[in-house]
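**Student:** Please find the sequence and the predicted model below.
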Amino acid sequence: EEVDADLINLVSMLFDFILDDKCLPVAIKALIGRLQIPIIKVAMLDHSFFSKSGHPARKLLNELSRAGIGLSGLKMHLAKDPVYRKIRETVQRVLNEFTDNVDLFVTLEKEFSEFINVEVRRSVLIEQRTKAAEEGRAKSDVAKQNTEKALKQCTEGKTIPPSVSKILNDPWSKVLYLTHLKEGGDSRAFQKQVIIAKHLIKSVTPPQNEKEKKYLYDMVPMLIHRLQEGFESISYNPFDANQLMSELEAVQMEVLRGQVPQHVDAAPAESDAVDNLLDAISKDIRQIGQLPKREPEPEVSTSRVVALDTSKKVVAPAPLADLEPLPEDDEDYIAAKAMPVGSWVNIVDTTENGVGNPLRCKLAAYIKSADRMIFVNRNGIKVQEQTCLALAYALKKQTISVIDDALLFDKALENVIGSLRKVRQSAL
């Protein structure tokens with residue numbers, strides 16, 4: 001009887017720890033808490049329950065708690081959640097069917113594991129698609145930003161005629177953007193096309209001497225050829241391309257003949273012209289659109305530029321409210337940068353869940369090139385996006401906390417044993 005009393009007290013301490021654990025939603029704690037009496041029976045029937053880590057009853061408890069970590073704390077969401085319903089069904093079967101046959105836990109653990117494996121495979125597929133879509137979006141955003149930056153550098157301080165503005169604003173910005181997507185911003189192809197943009201501007205700039213004039217004579221035919229290649233690479237409308245080239249060649253002929261082009265006469269309004277061009281380029285680049293989200297790897301269509309989806313706009317990350325940079329040795333900043341992919345977190349004060357019902361989600365990807373940390377729910381669907389700095393501040397303010405997903409029963413047992421040892425030492 002004394003041994004049985006000790007077992008009952010030990011199991012009670014374990015369940016007290018489990019019910020106090022903040023890593024589990026309240027609804028899951030309530031279900032697992034109903035298993036206290038059956039677990040006491042198991043411990044009294046089989047004393048290896050505490051010493052054997054692979055005991056079926058322990059394994060079932062761990063599986064139930066692990067499955068419950070990612071569940072929402074809202075009853076309206078739980079009612080329709082198949083994982084919650086399976087946990088509830090498993091607990092009810094233990095209460096209804098268990099008497100003295102521990103093999104029941106073997107059966108239930110096997111059934112539950114098979115069910116969860118199916119759910120995990122489904123969520124992993126969705127998570128992979130979410131990750132691929134976000135990586136594609138990040139790659140697209142970087143390409144747009146670098147294209148705009150490159151054209152701004154090319155035109156800064158230059159007097160730009162309308163013919164050149166039209167080319168840079170429309171077809172050549174698309175050529176740069178698509179090349180950046182395919183090859184990258186540091187690629188030879190992208191840098192080569194930036195140089196062509198510079199040569200384009202140079203070709204309509206009046207030469208200062210005979211050497212420059214000869215250089216223009218030699219450069220213009222090759223430049224025309226390179227521009228036409230670029231237009232063809234994006235399947236630009238041939239009629240529009242011919243019209244643009246005709247306007248460009250007319251200005252180039254004026255320059256080569258020593259005549260002063262009209263855009264040079266308008267030099268006092270140079271800054272306004274450049275600003276207008278940059279605004280037009282920026283607007284055009286932003287309208288190019290995102291890559292299709294269903295593709296695992298961003299595929300760039302070469303059929304026609306107009307085939308790009310221009311109806312969707314990039315959803316920018318939440319504003320950082322001018323967050324001050326943190327020191328490199330800041331503990332929370334280090335923790336944010338070191339957070340492993342797959343980590344579960346609680347996000348409190350969310351718009352959807354409200355105060356007191358934290359959003360539980362998992363870090364699915366960290367896209368370093370765009371400094372985006374993508375969080376998904378248990379189903380693999382994106383629910384939150386953070387920068388590394390924003391995450392560090394959230395950890396500091398405790399609006400985001402990391403969930404410990406270690407084996408619940410093992411963690412509880414370790415904690416209880418540690419507490420008993422402290423009590424024993426203090427009594428000596």
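**Tutor:** Done, it's in.
**Student:** and the gap between the closest residue to Leu78 other than its chain neighbours and Ile116?
**Tutor:** Excluding its sequence neighbours, the residue lying closest to Leu78 (Cβ to Cβ, 6 or more residues apart in numbering) is Tyr84, at 4.6 Å. For glycine as for every other residue, the C-beta is placed from the backbone atoms N, C-alpha and C. Distance of Tyr84 to Ile116, computed by Cβ to Cβ, to the nearest Å: 12 Å.
**Student:** Which pLDDT value goes with Gly289?
**Tutor:** At Gly289, the model reports a pLDDT of 46.
**Student:** that older thread, check which helix or strand covers the residue nearest to Leu78.
**Tutor:** Secondary structure from DSSP states H and E places Tyr84 in helix 82-97.
**Student:** and that helix, which residues are buried?
**Tutor:** Residues of helix 82-97 classed as buried by neighbour count (16 or more other Cβ atoms under 10 Å): 83-84, 86-88, 90-91, 94.
**Student:** average pLDDT for that helix?
**Tutor:** In the prediction, helix 82-97 has an average pLDDT of 94.
**Student:** residues in contact with that helix?
**Tutor:** 27-28, 31-32, 34-35, 38, 60, 64, 67-68, 71, 78, 104-105, 108, 111-112, 115-116, 119, 378 (Cβ atoms under 8 Å, 6 or more residues apart in numbering).
**Student:** Please repeat the previous calculation with a cut-off of 7 Å.
**Tutor:** Applying Cβ atoms under 7 Å, 6 or more residues apart in numbering, the external contacts of helix 82-97 come out as 28, 31, 34-35, 38, 64, 67-68, 71, 78, 104, 108, 112, 115, 119.
**Student:** Equivalent analysis for stretch 208-226, please.
**Tutor:** 196, 199-200, 203, 207, 245, 252, 255-256.
**Student:** redo that, cut-off 10 Å
**Tutor:** Applying Cβ atoms under 10 Å, 6 or more residues apart in numbering, the contact partners of stretch 208-226 are 192-193, 195-196, 199-200, 202-207, 245, 248-249, 252-253, 255-256, 258.
**Student:** Among those, name the ones in helices.
**Tutor:** Among the contacts of stretch 208-226, the residues falling in helices (DSSP state H) are 192-193, 195-196, 199-200, 202, 245, 248-249, 252-253, 255-256.
**Student:** Got a quick ChimeraX command for the buried subset of those?
**Tutor:** Buried residues within those, by 16+ other Cβ under 10 Å, are selected in ChimeraX with:
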select :193,196,199,200,202,245,248,252,255
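**Student:** So which of the ones in helices among the contacts of stretch 208-226 is the closest to Gln153?
**Tutor:** Sorting these by how near they are to Gln153, with Cβ to Cβ, puts Ile195 at the top with 11.7 Å.
**Student:** hang on, that closest one packs against Gln153?
**Tutor:** No. Using Cβ atoms under 10 Å, Ile195 is not in contact with Gln153; the gap is 11.7 Å.
**Student:** so where's this protein shaky on pLDDT?
**Tutor:** 1-3, 73-76, 259-321, 349-357, 420, 423-428 (pLDDT under 70).
**Student:** now with 80?
**Tutor:** Scanning the chain for pLDDT under 80 picks out 1-4, 72-79, 258-322, 349-358, 405-410, 415-428.
**Student:** And the strands in it, which stretches?
**Tutor:** For the chain, applying DSSP state E gives strands covering 344-347, 359-367, 372-376, 382-386, 400-402.
**Student:** Can you tell me which helices and strands the first one packs against?
**Tutor:** Counting contacts by 3 or more Cβ pairs under 10 Å, 6 or more residues apart in numbering; DSSP states H and E, strand 344-347 packs against strand 359-367, strand 372-376, strand 382-386, helix 388-397, strand 400-402.
**Student:** who does the first one touch, helix- and strand-wise?
**Tutor:** I take that to be strand 359-367. Short answer (3+ Cβ pairs under 10 Å, 6+ apart): strand 359-367 packs on helix 103-155, strand 344-347, strand 372-376, strand 382-386, helix 388-397, strand 400-402.
**Student:** how much does that strand deviate in direction from helix 103-155?
**Tutor:** Here strand 359-367 points in a direction 50 degrees away from that of helix 103-155 (axes from the mean of the first three to the mean of the last three Cα atoms, to 10 degrees).
**Student:** And the residue nearest to Pro340 when sequence neighbours are not counted, how close does it get to Met339?
**Tutor:** Leaving aside its chain neighbours, Pro340 sits nearest to Leu363 (7.4 Å; criterion: Cβ to Cβ, 6+ apart). For Leu363, the distance to Met339 (Cβ to Cβ) stands at 6 Å.
**Student:** shared neighbours of the two, which are they?
**Tutor:** By Cβ under 10 Å, 6+ apart, the residues touching both Leu363 and Met339 are 345, 373, 391, 402.
**Student:** Not counting residues beside it along the chain, what's closest to the third one?
**Tutor:** In this case it means Leu391. Distances taken as Cβ to Cβ, 6+ apart put Ala336 closest to Leu391, at 4.2 Å, once the chain neighbours are dropped.
**Student:** number of nearby residues for Leu389?
**Tutor:** Counted with other Cβ atoms under 10 Å, residues neighbouring Leu389 total 17.
**Student:** Correct me if wrong: it contacts Ala336.
**Tutor:** Yes. With contacts counted by Cβ under 10 Å, Leu389 reaches Ala336, the gap being 7.6 Å.
**Student:** For the two, list the residues in contact with both.
**Tutor:** Residues touching both Leu389 and Ala336 (Cβ under 10 Å, 6+ apart) are Leu326.
**Student:** can you give me the end-to-end distance of stretch 372-385?
**Tutor:** End-to-end distance of stretch 372-385: 7 Å, with Cα to Cα, to the nearest Å as the criterion.
**Student:** buried residues in it?
**Tutor:** Those would be 372-378, 380, 382-385, for stretch 372-385 by 16+ other Cβ under 10 Å.
**Student:** Likewise for stretch 20-28?
**Tutor:** Neighbour-count burial for stretch 20-28, counted by 16+ other Cβ under 10 Å, picks out 21, 23-25, 27-28.
**Student:** In helices only, show me those residues.
**Tutor:** Members of those lying in helices (criterion: DSSP H): 27-28.
**Student:** State the distance from the residue nearest in space to the middle of the chain to Lys211.
**Tutor:** With distances taken as Cα atoms, centre = their mean, Ile374 lies nearest the centre of the chain, 3.1 Å away. For Ile374, the distance to Lys211 equals 55 Å [Cβ to Cβ].
**Student:** same deal with Leu45?
**Tutor:** Distance check for Leu45 against Lys211: by Cβ to Cβ, it reads 99 Å.
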